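1. could you look at this predicted model? Sequence included:
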Amino acid sequence: MEYLKELNDPQRAAASHLEGPMMVIAGAGSGKTRVLTYRIAHLIDNGVDPFNILALTFTNKAAKEMKERIANMIGGHEARNIWMGTFHSIFARILRSEYDKIGYPSNFTIYDTQDSKSLLKTIIKEMGLDDKLYKTNIVYGRISSAKNNLISPQAYLKNVEIVSEDQSNARPKMGDIYLEYAKRCYRAGAMDFDDLLFITNVLLKKHPDVLLKYQEKFKYILVDEYQDTNYSQYLIVKRLAARYENLCVVGDDAQSIYAFRGANIQNILNFKRDYPDYKLYKLEQNYRSTQTIVDAANSIIDNNRDQIKKDVWTSNPEGDKIRVVRTYSDNEEGKFVANDIFESKNNLQASDNDFAILYRTNAQSRSMEEALRKLNIPYKIYGGLSFYQRKEIKDLLAYFRLAANPKDEEAFKRIVNYPKRGIGNTTIDKLTIGANNAGASLWNAACNPAEFGVQLSSGVFNKLQQFTLMMKSFASKLDNTKAFELADEIAKVSGIYKELYADKTPEGVARYENIQELLNGIQEFTDNESTDEKIVTLPDFLIDVALLTDADNESEEDKDKVTLMTIHSAKGLEFPYVYIVGLEENLFPSQLSISTRSELEEERRLFYVAVTRAEKKCTLSYATSRYRWGQLSQCEPSRFIEEIDSRFLDTSLTNQEKSPMHLGDDDFDFGGFNGGQKKKQPTYLDKYKNQSQKYSKKSSSTGTSAPSKPNFGVPKNLKKVSGTTKAAKVDVSKVIPGVQVMHDRFGKGKVLTVEDGKATVFFPSHGQKQLLLQFAKLEVL
Ligand SMILES: Nc1ncnc2c1ncn2[C@@H]1O[C@H](COP(=O)(O)OP(=O)(O)OP(=O)(O)O)[C@@H](O)[C@H]1O
Ligand SMILES: [Mg+2]
């Protein structure tokens with residue numbers, strides 16, 4: 001077993017552990033995932049049947065990579081048979097084969113978040129509740145957390161504590177919504193994401209024979225990122241492992257970042273209680289990052305009170321300090337990052353996929369994307385509107401879903417009149433009432449409206465019948481037609497192809513191409529997964545697609561691109577160069593997470609996760625102003641920057657004075673030098689650097705050296721600006737919030753804010769504008 005030599009001593013000890021419960025608790029980058037991978041290879045080499053191994057990962061992509069790695073070590077044939085994937089995808093597969101025990105159709109639908117929320121909206125409306133109070137997101141979150149704590153609707157309604165909490169939040173009907181939602185999902189033969197785990201728990205609890213079968217099957221269970229498992233997942237693992245106790249979990253309490261989704265750090269602490277004779281392995285050497293990054297990350301997490309103490313060190317080179325960059329707006333932050341990537345690529349001979357930009361919230365990607373696009377830097381973005389969330393894709397998938405499971409209410413509503421076939425909302429409302437009264441599915445009511453007391457004109461009745469007949473014909477082919485063939489037929493017969501083909505606008509053409517792309521994907525899936533014994537059907541594809549995450553969906557051409565993602569989705573990943581942007585108070589840490597210590601500690605762990613993704617270089621940036629919710633707001637640097645030991649920081653880019661190119665986003669165009677022109681134009685960074693040098697010179701000439709510790713206060717630029725103002729008509733120091741001004745083009749307006757030489761002014765005739773005081777011809781009235 002040559003490969004064990006590729007591990008250090010403690011790693012090797014953990015990877016060679018064969019029987020009995022074990023836990024690896026260790027800091028980021030210390031090789032936990034590596035140990036898990038090597039241990040699986042080692043188990044198989046020691047005679048364990050791959051069929052008896054279950055490995056649970058955080059993304060399907062991680063599972064795929066692990067499988068490839070194992071295949072390289074011990075051969076692809078063995079690796080293929082390991083059960084490896086996310087909790088959701090593994091247990092969806094199991095539920096699908098045990099469907100009869102739980103009263104679901106074999107082709108049950110998996111509702112995505114959008115389906116769930118749409119159903120909740122319908123229910124809230126039907127119950128006549130105020131949708132401003134019962135916001136779908138809140139209701140969805142509440143139900144999700146109940147399910148992840150294994151609280152059924154019935155138990156929810158009986159739980160005095162929960163009910164009184166809802167009452168004090170003026171949402172006393174929450175339990176009733178939950179009950180109705182659960183009924184409607186069941187009636188539709190659908191499970192939401194949380195159901196996949198909830199119902200697995202029910203299955204394992206109520207059917208000892210099924211439990212025994214899977215205990216025997218999964219004699220060896222391994223879980224990565226154990227710190228982020230919720231109660232429901234914890235219990236599934238506990239049940240399955242109860243017979244053999246060959247359970248291996250790896251995790252890092254300092255990286256627990258999903259408490260808001262029910263993850264429970266307690267699971268790590270409970271391990272000792274559940275398996276008193278477990279073996280604990282600690283890994284301390286970090287192989288991923290430079291010394292500076294490791295030490296800086298340690299200094300961050302030291303600020304948390306609740307943590308298991310760890311010594312993490314590395315023998316990697318010291319590396320560059322962590323740069324802190326201040327910019328004046330989110331757009332400039334984007335330009336800085338894009339330009340820095342552009343330059344680093346040239347200077348360091350790095351490729352695009354060596355870079356990652358991480359942010360706290362998805363909305364922050366906009367300014368990054370714009371700047372990257374201007375420099376023609378290819379990027380991929382995770383967590384935006386993913387391919388499978390696009391309307392045209394969801395429409396066609398809804399046809400597949402309804403064919404596989406006619407009870408699927410959300411799919412039915414989506415396509416019964418798409419493409420338009422003259423079945424209007426009134427008809428759907430009538431069918432819904434008929435179905436609800438009888439506790440039946442919409443589909444049943446649609447097939448026999450009269451039986452459900454639904455009166456329809458003969459015209460509408462005929463159209464409805466054509467629709468149900470078409471769907472029945474698709475359904476009849478499900479089991480014996482290859483996924484791709486049936487998918488193609490449905491796209492044609494349903495009229496979707498024709499509808500999209502007719503639209504020659506660029507958006508229409510893109511939608512048509514997307515449909516073709518989906519069909520290509522199905523073709524590939526059919527080819528890859530088919531064996532001599534078994535053809536791959538559309539329901540097989542559906543279950544796969546419902547559980548895909550963005551990261552799983554990476555195509556070949558996406559491989560060499562800059563990665564943009566939220567920190568949450570960066571868990572477990574690593575990149576040579578990492579930019580963590582938007583390090584501002586109220587953004588990171590998030591405004592919603594600073595009221596209690598435990599929330600703040602979770603934000604800090606998130607920051608720890610972000611910094612520890614970096615291998616060679618980590619850059620932190622913040623803007624002093626940013627548009628949020630349509631408003632320009634002033635920002636202060638995040639407290640997290642100050643928490644890093646200043647020995648590890650390079651703050652030379654936080655002390656610039658204003659320079660002209662900071663003024664206005666359109667004044668500065670990168671287009672030229674990216675087009676391969678011979679003469680390289682000065683880049684943003686060049687100018688930035690010059691400005692910075694100028695600043696230090698100026699400071700020293702007046703006897704004050706540039707501060708070595710960054711100035712974390714909001715800069716008071718008004719004075720500086722007034723010193724340099726020549727073009728403006730007015731003494732800018734008089735431009736302060738509240739005063740009336742006159743502008744050449746926009747007329748009379750009122751100043752709302754002034755910061756960094758920019759004023760936000762409201763003009764009744766033109767709306768809100770941002771003006772550069774240095775240039776704007778303003779007159780104070
Ligand atoms: N003994 C080793 N020799 C060489 N490289 C190693 C060794 N151990 C780990 N690495 C490398 O270090 C990096 C980090 O390892 P890994 O991803 O397994 O860490 P981790 O503890 O799972 O990190 P995280 O907490 O971020 O999930 C990987 O690139 C891995 O291949
Ligand atoms: Mg890992």
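-> Noted; the coordinates are in hand. Ligands and ions are numbered 1, 2, ... in the order given.

2. C-alpha only now, for contacts and for neighbours.
-> Will do.

3. what residues does the stretch 151-300 of the chain put near ligand 1?
-> 287-288 (Cα under 6 Å from any ligand atom).

4. which stretches of the stretch 151-300 of the chain form strands?
-> Along the stretch 151-300 of the chain, the stretches classed as strands by DSSP state E, counting those that start in this stretch are 190-191, 220-223, 247-251, 279-283.

5. who are the packing partners of the last one?
-> Right, strand 279-283. If contacts are counted by 3 or more Cα pairs under 8 Å, 6 or more residues apart in numbering; DSSP states H and E, strand 279-283 sits against helix 9-15, strand 22-26.

6. ranking the ones you listed by burial, who's on top?
-> Neighbour counts (mean count of other Cα atoms under 10 Å) averaged over each of the helices and strands packed on strand 279-283 peak at strand 22-26, with a mean of 24.

7. and the following helix or strand past that strand, which residues are buried?
-> Counting by DSSP states H and E, the element after strand 22-26 in chain order, helix or strand, is helix 32-45. Residues of helix 32-45 classed as buried: 32-44 (neighbour count, 16 or more other Cα atoms under 10 Å).

8. turn the strands of the stretch 151-300 of the chain into JSON lines, columns for mean neighbour count.
-> Formatted as JSON lines, the strands of the stretch 151-300 of the chain follow (neighbours: other Cα atoms under 10 Å):
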{"stretch": "strand 190-191", "mean neighbour count": "24"}
{"stretch": "strand 220-223", "mean neighbour count": "26"}
{"stretch": "strand 247-251", "mean neighbour count": "25"}
{"stretch": "strand 279-283", "mean neighbour count": "18"}
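
9. re the thing from before, turn the helices and strands packed on strand 279-283 into TSV, columns for mean pLDDT and distance to ligand 1.
-> Shown next, in TSV, are the helices and strands packed on strand 279-283 (pLDDT from 0 to 100; distance: least, Cα to the nearest ligand atom, whole Å):
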stretch	mean pLDDT	distance to ligand 1
helix 9-15	97	7
strand 22-26	96	6
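
10. out of the ones you listed, nearest to ligand 2?
-> Closest approach to ligand 2 among those is made by strand 22-26 (9.8 Å; Cα to the ion).

11. and that closest one, how far out from the chain middle?
-> On the basis of Cα atoms, centre = their mean, to the nearest Å, strand 22-26 sits 26 Å off its chain's mean C-alpha point.

12. can you tell if it touches ligand 2?
-> No: counting by Cα under 5 Å from the ion, no contacts exist between strand 22-26 and ligand 2, the nearest distance being 9.8 Å.

13. and the angle for that strand with strand 247-251?
-> 10 degrees (axes from the mean of the first three to the mean of the last three Cα atoms, to 10 degrees).

14. where does the stretch 451-600 of the chain have low pLDDT?
-> 530-532, 549-556 (pLDDT under 70).

15. the buried residues of helix 32-45 also near ligand 1: which ones?
-> 32-34.

16. closest to ligand 2 among the residues you listed?
-> Nearest to ligand 2 out of those is Thr33 (Cα to the ion; 4.2 Å).

17. tell me the pLDDT of the closest one.
-> Note on Thr33: pLDDT of 96.

18. Arg604 too?
-> 96.

19. quick check, it in a strand?
-> No: per DSSP: H, G, I helix; E, B strand; the rest coil, Arg604 lies outside any strand segment and is helix.

20. quick one: it and Ile300 touch, right?
-> Yes: using Cα atoms under 8 Å, Arg604 is in contact with Ile300, at 7.4 Å.

21. residues shared between the contacts of those two?
-> Jointly contacting Arg604 and Ile300 under the rule Cα atoms under 8 Å, 6 or more residues apart in numbering are Phe640.

22. elements contacting the longest helix belonging to the chain?
-> Secondary structure of the chain read by DSSP state H shows that its longest helix is helix 506-529. Secondary-structure packing of helix 506-529 (3+ Cα pairs under 8 Å, 6+ apart): helix 391-404, helix 483-493, helix 496-502.

23. list the contacts of the longest one.
-> Just to be clear, that refers to helix 391-404. Counting by Cα under 8 Å, 6+ apart, 107-109, 387-388, 408, 411-412, 414-415, 471-472, 474-475, 478, 487, 490-491, 496, 511, 514-515, 518, 538-539, 542 sit against helix 391-404.

24. how far off helix 506-529 does that helix point, in degrees?
-> On the basis of the same axes, to 10 degrees, helix 391-404 is oriented at 50 degrees to helix 506-529.
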